[in-house]
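> Based on what follows, work out the 3D shape:
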Amino acid sequence: MAETAETPALKEFTLEDVAAHKTAEDCWMVIRDEGIRKVYDVTAFLDDHPGGPEIMVDVAGQDATDEFEDIGHSNDARAQLKQYEIGKIKGDVKQDKPAKAAPGSKTSASGRQDISGQNGPLYAVLAGIVAFAALYFKYQ
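So this is what the prediction gives:
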């Protein structure tokens, strides 16, 4: 995206830069947003965080994307985060989000669709048929 008056270039930081800001008095973190690891100075928000400041200080100075996503923050929380954005990780390349699985299906940590939940009974019946056939032909 080209730099315009509406979308100025983000200041770039290294992970080492971010790591230097890991206290309650100076709290930065990295969170992937729109495929880019962005840097946020959340120091002013610590006392207002619903989970308390300790949770944020625990991940200060590092990439907190997994922790942020695991909590399941609302769209309002994501929008509020934008006001604390101060830059992005230098040299970061935009990553597309993995494709979402079909509704009702499960996805494993490897990103592969888990079909055992919906087809488990079918596999049990097939295993029973194979076992029965093996015994039948063994004793014929």
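> Looks to me like Ala131 is in a helix.
Yes - assessed with DSSP: H, G, I helix; E, B strand; the rest coil, Ala131 lies in a helix.
> What does the pLDDT read for it?
The model reports Ala131 with a pLDDT of 80.
> That one and Tyr123: what is the separation?
According to C-beta to C-beta, to the nearest Å, Ala131 stands 12 Å off from Tyr123. (C-beta placed from N, C-alpha, C; glycine too.)
> what does Asp76 give?
Applying C-beta to C-beta, the value for Asp76 to Tyr123 is 43 Å.
> Just want to know which of these two has more residues nearby.
Tyr123 (11 against 8; other C-beta atoms under 10 Å).
> sec struct for that one, please.
Classification of Tyr123 by three-state DSSP places it in helix.
> Residue ranges in this protein under the pLDDT threshold?
Scanning the chain for pLDDT under 70 picks out 1-8, 96-120.
> what's the following helix or strand after the lengthiest strand in the chain?
Scanning the chain for the strand with the most residues, using DSSP state E, yields strand 26-33. Going down the chain from strand 26-33, the next helix or strand is strand 36-41, by DSSP states H and E.
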